[in-house]
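>>> got a predicted structure here, sequence first:
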Amino acid sequence: MAHTKSETDPWWRVDLLKVYRVNRVTITNRNIYADRINGAVIRIGNFLDVYSNTICGVISTLAASATATFSCGGMVGRYMIVHLPGDDKMLTLVEVGVYGYLAGNRAVEGAVTQSSTFAGWFAEKATDSNRGFKQLNTACTSTLNESNPWWRLDLRDVYRVSEVVITNRNDSYAGQINGAEIRIGISLENNGSNNPICAVISTIPAGESYNFSCNGMEGRYMIVHIPGDWEILSLCEVEVYGYLAENLAVAGASTQSSTSENWFAEKAIDRGLQQLYTGCSSTLSQTNPWWRLDLHHIYRVNRVVITNRNDCCAERINGMEIRIGNTLENNSNNNPICAVIPAIPAGESYSYSCGGMEGRYVNLIIPGDMKILTLCEVKVYGEGPCIKKSFVKMQFKSSNDLTVSTMRENVLKQLRSALAARGLTDVTLRWSQTPKRVIKKVNVANPECH
């Protein structure tokens, strides 16, 4: 057992070495002088100063040799401290358990499935934060013996995945994970197994946890699968670490060609639910209805994610064009096409790659007469903003002297107006050098020419 001297406010601390979300703490008391632990406080936090951390629980009383469990509800911290306030106190602990998962493990908030399930080895058992318990039938997943078995995690949003941690089973079948591929992406084609590879697992020793770096790969789905015939995929824990890829749409400004009742354009970028009247935008029935997102700056757009309505009329979105560009001519519908949407099933979200197309405006338009454009969510992912700097050499025919600063500023004002008429408003113009004055000689034989 651990035992302090008799002192004021004795304490015991465990450094978890990383920041965890602590679900529960267990304390086992000594078999004599059991009342000495009465009043001990359990704290979780990131501070070495005991009282700066948050209280998880207080041990009012604990019988001799008994073990008590205290729920901490996912409190975040690197340190777990047990301390006993007061003078002339001694703190004795026979056993301390701390249970939880690394803070930032995105897997625990996702949805999981697998290609098949053997007995009670469900897909969910790989995300139950039970890395430390690898007992069979209680903490691991397993597929049946089949061709190309897979396990998939839906992160529910697009993340930049920095790391995946896989814990292998702890028995004589540990070699069954050899050759498994970890894939990250946004596609569900081939059950997600067509997405780019983060890593290939050559081997993981029985009961061990190995880390695989994915270097910020973007994806909504993380898939582990074993290519080949007569394979079994078993996982005792899967952890995914990363951060949300920035959805550029939420900081943008939206508008549409018309509005049906309260189906405002803004409802397509509110990250809301897709229920009718609460989370979708809609135009009236009209010719060539459109919806436009102003990103405020020029970005390189990698992809656009569209969520269709979840009730009737899902086919109305068929044939919609996604356009990216910088012009407002024809309400921005003259910008280049990123993709044409043949169909999106009701309530589904489909992703369209735009390959880094540059633009300030994202336009969605359905060409044709008597069309209605309804959008339940639009997400835009990319890089930027792109700051473009151009140097242009010009020759002006002017009777004004452009070596005078006021004359030069007047030219820039006219140029700003011309660019604004073409939709380029977020532009800074300046002279890189003072124009040179060139005087053209007048032909005396033609005095009428000036």
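Perfect, thanks for sending it. Residues are numbered from 1 along each chain as shown.

>>> check which residues of stretch 374-393 are buried.
T374, L375, C376, E377, V378, K379, V380, Y381, G382, G384 (16 or more other Cβ atoms under 10 Å). Any C-beta I mention is one placed from the backbone N, CA and C, and that applies to glycine too.

>>> make that stretch 352-364, sorry
Buried residues in stretch 352-364 (16+ other Cβ under 10 Å): C354, M357, E358, G359, R360, Y361, V362, N363, L364.

>>> worst-scoring helix or strand of this protein, pLDDT-wise?
The helix or strand of the chain with the poorest confidence is helix 405-420; it has a mean of 81 (mean pLDDT, DSSP states H and E).

>>> list the buried residues for it?
R408, V411.

>>> for stretch 249-265, same thing?
A249, G252, S254, Q256, S257, S260, W263, F264, A265.

>>> pull the CA atoms of it into CSV?
What follows is stretch 249-265, C-alpha atoms only, in CSV (Å, rounded to 0.1, in the frame of the first residue of the first chain):
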residue,chain,number,x,y,z
ALA,A,249,-19.4,27.5,-45.5
VAL,A,250,-20.3,28.3,-41.9
ALA,A,251,-18.3,31.6,-42.2
GLY,A,252,-19.8,32.6,-45.5
ALA,A,253,-22.8,34.5,-46.6
SER,A,254,-25.6,32.8,-48.5
THR,A,255,-28.4,34.0,-50.8
GLN,A,256,-30.8,32.4,-53.4
SER,A,257,-32.8,33.3,-56.4
SER,A,258,-36.1,33.2,-54.4
THR,A,259,-37.4,32.0,-51.1
SER,A,260,-40.3,29.7,-50.4
GLU,A,261,-41.9,30.7,-47.1
ASN,A,262,-39.3,30.4,-44.3
TRP,A,263,-36.9,28.1,-46.2
PHE,A,264,-34.2,30.7,-46.1
ALA,A,265,-30.8,30.4,-47.8
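
>>> adjust the sequence numbering to begin at 25 for everything that follows.
Shifting the count to begin at 25 puts that one at stretch 273-289.

>>> what does it contact?
Contact partners of stretch 273-289, identified using Cβ atoms under 8 Å, 6 or more residues apart in numbering, comprise 290, 292-293, 295, 301, 304-308, 310, 312-320, 355, 386, 396-398, 402-404.

>>> any stretches of the stretch 175-324 of the chain with poor pLDDT?
Low-confidence segments of the stretch 175-324 of the chain, defined by pLDDT under 70: 295-302.

>>> for it, what spans make up the helices?
With helices called from DSSP state H, counting those that start in this stretch, the stretch 175-324 of the chain shows none.

>>> quick one: distance of stretch 185-204 to the chain centre.
25 Å (Cα atoms, centre = their mean, to the nearest Å).

>>> all strands of the stretch 275-424 of the chain, in order?
277-280, 305-306, 314-331, 344-349, 361-365, 373-389, 398-399, 401-407 (DSSP state E, counting those that start in this stretch).

>>> those: which one's closest to S429?
strand 314-331 (29.4 Å; Cβ to Cβ).

>>> from the contact counts, what lies against the closest one?
strand 277-280, strand 344-349, strand 361-365, strand 373-389, strand 398-399, strand 401-407 (3 or more Cβ pairs under 8 Å, 6 or more residues apart in numbering; DSSP states H and E).

>>> and the spatially most central residue of the chain, bridged to which residues?
Centrality entry for the chain: nearest residue to the mean C-alpha point is L268, 2.0 Å, by Cα atoms, centre = their mean. Using DSSP bridges, the beta-bridge partners of L268 come out as Y183.

>>> in CSV: the helices and strands packed on strand 314-331, plus distance to C238.
Conversion of the helices and strands packed on strand 314-331 to CSV gives the following (distance: least, Cβ to Cβ, whole Å):
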stretch, distance to C238
strand 277-280, 33
strand 344-349, 27
strand 361-365, 26
strand 373-389, 18
strand 398-399, 31
strand 401-407, 17
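
>>> which of these sits closest to P173?
strand 373-389 (25.3 Å).

>>> tell me the confidence at the residue lying closest to T311 once chain neighbours are set aside?
Nearest non-adjacent residue to T311, counting by Cβ to Cβ, 6 or more residues apart in numbering: D393, 4.9 Å away. Note on D393: pLDDT of 95.

>>> what's the answer for the one 4 residues further on, then?
The score at L397 is 95. That number is its pLDDT.

>>> which residues does it contact?
280-281, 305-307, 313-315, 340-341, 344, 388-390.

>>> out of these, the closest to I66 would be?
Using Cβ to Cβ, the contacts of L397 come closest to I66 at S305, 49.4 Å.

>>> show me the contacts for the residue nearest to that closest one when sequence neighbours are not counted.
The shortest distance from S305 to any non-neighbouring residue, by Cβ to Cβ, 6+ apart, is to A292 (4.3 Å). Neighbour list for A292: S278, C304, S305, W315, L399, C400, E401, V402 [criterion: Cβ under 8 Å, 6+ apart].

>>> same list, the residues you listed, but as a markdown table with distance to Q419 please.
As requested, the contacts of A292 are arranged in a markdown table below (distance: Cβ to Cβ, whole Å):
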| residue | distance to Q419 |
| --- | --- |
| S278 | 42 |
| C304 | 54 |
| S305 | 49 |
| W315 | 43 |
| L399 | 48 |
| C400 | 53 |
| E401 | 51 |
| V402 | 45 |
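
>>> wait, T91 touches R48, no?
No - counting by Cβ atoms under 8 Å, T91 stays clear of R48, with 11.7 Å between them.

>>> neighbour-wise, which of these two wins?
R48 (16 against 13; other Cβ atoms under 10 Å).

>>> now the strand or helix carrying that one: buried residues?
Assigned by DSSP states H and E, R48 belongs to strand 35-52. The neighbour-count check on strand 35-52 (16+ other Cβ under 10 Å) flags W35, W36, Y44, R45, V46, R48, V49, I51, T52 as buried.

>>> from L115, how far out is the nearest residue to the first one once chain neighbours are set aside?
The reference is to W35. Residue nearest to W35 in three dimensions, not counting chain neighbours: H107, with 3.7 Å by Cβ to Cβ, 6+ apart. Distance of H107 to L115, computed by Cβ to Cβ, to the nearest Å: 7 Å.

>>> shared neighbours, the two?
Common neighbours of H107 and L115 (Cβ under 8 Å, 6+ apart) are P34, W35, W36, A64.

>>> about what we covered before: so which of the buried residues of stretch 398-417 is the closest to N202?
Once Cβ to Cβ is applied, the member of the buried residues of stretch 398-417 that ends up nearest N202 is Y405, at 34.6 Å.

>>> for that closest one, give me its contacts.
V182, E242, A269, E270, N271, L272, V325, N326, R327, V328, V329.

>>> mind doing that once more with 6 Å?
A269, N326, R327 (Cβ atoms under 6 Å, 6 or more residues apart in numbering).
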